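Asks: here is my input, please return the structure:
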Amino acid sequence: MNNYVAKLLGGVFLISGILWFTAGPQPDEFNIFYMAGGSAFLLGALLLLGAKTTTFAVNFSRIFVGALFIVSGMIKANDTMGFGFKLEEYFDENSLGAFWAMFHDWSFVLALVIASTEVMLGFAVLFGTAFRMASWLILGMIVFFSWLTSFTATCNDEQLAFADYSAFVTEGDIALLDQNFEEAKIQFEKAKEVLLSDEIAGRLNHTETLLSGQFQVQSGDPSAYFMKGSDTVWIAENESFDRICVTDCGCFGDALKDSVGRSLTPWESFYKDITLLFFTLILFFVQGKIKRNEKLEDLIILPASILLVAFFGGGLFGWWFPTWFTIVACVGFVAIKAMPWNGRAKQFGIIAFVGVLCFGFSLYTKTYLPIKDYRPYKVGNSIYEQMNNGVDGTFKTLLTYKHKSSGETMTFEMGKKEFPSAEEWEWINTENQPIIKAVAPSIQDLRLSMPYDRLGTDHLKLESVVQDVETQYYEGYSEPYVELQNENTGQKYATSAEQYSQDSASYSAEWKFQKRFDSVIEPPNNPCCINVTDYVLTRDKIIWIVAYDLLKTNYLGLTKMSDFAEQARKDGYETALLSCISLDEVKELLAEQNIPINFDFYVNDPIELKIVVRDNPGLVYLEKDKILAKWSSAGLPTYDEFTQQMK
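Replies: Reported below is the predicted structural model:
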């Protein structure tokens, strides 16, 4: 990078850092917002200080971006199915829009290509191979993902605002939007009476804001209301929020949840991408200067990158495989460089070697399941423990009021002080400060269900099943009836027993009593979804065949698993098929494919089934609620191999 470009880029970075912080710090638990601004200042200073510090900034950027792309890409490549599911969410027409929806059916192919390419780009930056192309692709990816995470974060904020504001839109607001000022006056007055008489008025902050519109309504000038309540007006006019907001980072988020307890928020993901953007811009502007590493560069960049991959992969995510993978790639790179080939042949050899490594790893994990499972259904986990590891949060509510005359503000905790006079003080803000942060359990949506008429006596021995039956099942309603017959004409007539007892004397002699019977007025129902999760999780030895989408499942694999389940059932194992469709639909599909029906059927939400095992179908072996093994259809062992493994 020549001196002029370095100075110009350094100045831009410093100005960007100033603007970043003056825009208002956005606190986040991981302080990624400050990392982004700090990176801009640090890199800007290094570029401005001189040639040596510029060289340091370039080398550090290569190591940082390369290592991060390798770890991030390998986490995606380790779970290309999970990454594909996340891309499907983004490519929904109600998420990014109609243009991106064209890629929806290509989500899993794109997931494999993007994940493998990301790892390859990381190595390209470290090795100095095809650097010009790599710098363009990396910049393009970072810009795209910065836009994507910003879009997602904004969507998420709007969705939360909709849920918040829409809960407080009153009849007066609706009347006001309809320009029905007389009705609005009436409704606002009613709401004001309730508000001022209620001790929890301070908590109804949005309602209070809306009620301020009553004065403009009474004066015949609602314009101020429309300015103050513009968010609420937008919500009321649109009435429903029909966009799909992607709220976490997919397989990268799963890795963070397993390692640090939670995923990045959409805004934290955006800050992370902006941090990377500063380092990527340095690489972009030196693309013409970077050639394949010389020996000295190998001695500096390769060991440092291995250490950084170890820090991110092993230290942060608890997964050391990326470190060994990087070592193998570096050794192969050095070995190919030592070959007596010309420059073009070496270039091709390095790219081919790294490509086979990266795409080979992605194809392997897609075929045989992730080698590192970050999800709550990983082998060795107790499902009950994962369902009950949440923490109930507690918070305190702080109310801020402003004196209408003096402008003085006061803040107090709700319940610790009486509310101030509404005539002298106006509400400014309500803030809920966490005392103990709430943590959701790792498994929330496992609800295995079956139709009522399929329940057996063993199911009904469990209190949880009985309680769900009592909630959902209706035994119907019958009334006693009598049947009469005219002995002359043979005509039959039925009436309720109660009515007959009242009117029997009025019937003529030829009408003779025939029989008494119960007539069904309302038949009993047959609830489709009785929760039998506790029953399934208390089986001594059970094999789950999990197919989140039977219409798109691998029927050859399902046939193999059905045969496997039949052998297991003969040896005393219980077997079950978990899907998201009804029993009748399951039977019809299996019959069409000539797959024998030799297992129980349970229904669950398909999203949760995708989390259980990353194949369609996949097989899971449990003893009670503990997961002991999982296989894809391609990796399914023979039954004899299974019995040997489980000894």
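
Asks: so who does residue 136 touch?
Replies: 284, 287 (Cβ atoms under 8 Å, 6 or more residues apart in numbering). Glycine gets a C-beta too; all of them are placed from N, C-alpha and C.

Asks: residue 334: neighbour count?
Replies: As a burial measure, residue 334 scores 14 neighbours (other Cβ atoms under 10 Å).

Asks: quick check: closest non-adjacent residue to it.
Replies: Spatial nearest neighbour of residue 334, chain neighbours left out: residue 298 (6.5 Å); criterion: Cβ to Cβ, 6 or more residues apart in numbering.

Asks: name the helix or strand for the one you found, please.
Replies: helix 295-309 (DSSP states H and E).

Asks: my guess is residue 435 is in a strand, correct?
Replies: Yes: assessed with DSSP: H, G, I helix; E, B strand; the rest coil, residue 435 lies in a strand.

Asks: what about it, how many neighbours?
Replies: Neighbours of residue 435 using other Cβ under 10 Å come to 9.

Asks: what's the answer for residue 372, then?
Replies: By the measure other Cβ under 10 Å, the count of residues near residue 372 is 19.

Asks: could you list the low-pLDDT ranges of the stretch 251-400 of the chain?
Replies: Low-confidence segments of the stretch 251-400 of the chain (pLDDT under 70): 251.

Asks: where exactly do the helices run in it?
Replies: In the stretch 251-400 of the chain, the segments counted as helices under DSSP state H, counting those that start in this stretch are 251-260, 266-285, 295-309, 321-337, 343-368, 383-387.

Asks: show residues contacting the fourth one.
Replies: When you say that, I think you mean helix 321-337. Helix 321-337 is contacted from outside by 67, 70-71, 74, 123, 126-127, 129, 292-293, 298, 302, 305-306, 309-310, 312-314, 346, 349-350, 353-354, 357, 361, 371-372, using Cβ under 8 Å, 6+ apart.

Asks: now the angle between helix 295-309 and it, please.
Replies: Counting by axes from the mean of the first three to the mean of the last three Cα atoms, to 10 degrees, helix 321-337 points 170 degrees away from the direction of helix 295-309.

Asks: for helix 321-337, output the C-alpha coordinates as PDB.
Replies: Extracted C-alpha coordinates of helix 321-337, given in PDB (Å, rounded to 0.1, in the frame of the first residue of the first chain):
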ATOM      1  CA  PHE A 321     -10.700 -29.700  14.900                       C
ATOM      2  CA  PRO A 322     -10.300 -26.400  13.000                       C
ATOM      3  CA  THR A 323      -6.900 -26.000  14.500                       C
ATOM      4  CA  TRP A 324      -5.700 -29.400  13.200                       C
ATOM      5  CA  PHE A 325      -7.500 -28.700   9.900                       C
ATOM      6  CA  THR A 326      -5.500 -25.400   9.600                       C
ATOM      7  CA  ILE A 327      -2.200 -27.200  10.400                       C
ATOM      8  CA  VAL A 328      -2.900 -29.800   7.700                       C
ATOM      9  CA  ALA A 329      -3.700 -27.100   5.200                       C
ATOM     10  CA  CYS A 330      -0.600 -25.100   6.100                       C
ATOM     11  CA  VAL A 331       1.700 -28.200   5.800                       C
ATOM     12  CA  GLY A 332       0.200 -29.000   2.500                       C
ATOM     13  CA  PHE A 333       0.700 -25.400   1.300                       C
ATOM     14  CA  VAL A 334       4.400 -25.500   2.300                       C
ATOM     15  CA  ALA A 335       4.800 -28.900   0.700                       C
ATOM     16  CA  ILE A 336       3.300 -27.800  -2.600                       C
ATOM     17  CA  LYS A 337       5.400 -24.700  -2.700                       C
END
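
Asks: show me where this structure has strands.
Replies: 394-403, 409-413, 425-436, 449-450, 477-486, 492-496, 511-522, 530-531, 542-546, 574-579, 600-603, 618-623, 626-632 (DSSP state E).

Asks: please verify my assumption that residue 512 contacts residue 487.
Replies: Yes: with contact defined as Cβ atoms under 8 Å, residue 512 reaches residue 487; the gap is 5.5 Å.

Asks: what are the phi and psi angles of residue 379?
Replies: The phi/psi pair for residue 379 (degrees, to the nearest 10) reads phi -60, psi 130.

Asks: distance of it from residue 74?
Replies: 20 Å (Cβ to Cβ, to the nearest Å).

Asks: same drill for these two, tell me which one is more crowded.
Replies: residue 74 (29 against 13).

Asks: excluding sequence neighbours, find me the nearest residue to that one.
Replies: residue 322 (4.7 Å).

Asks: check residue 293 too.
Replies: Once flanking residues are discounted, residue 293 sits nearest to residue 128: 4.6 Å by Cβ to Cβ, 6+ apart.

Asks: nearest to residue 51, out of the strands of the chain?
Replies: Nearest of these to residue 51, taken as Cβ to Cβ: strand 425-436 at 49.5 Å.

Asks: list the buried residues in the closest one.
Replies: 425, 427, 430 (16 or more other Cβ atoms under 10 Å).
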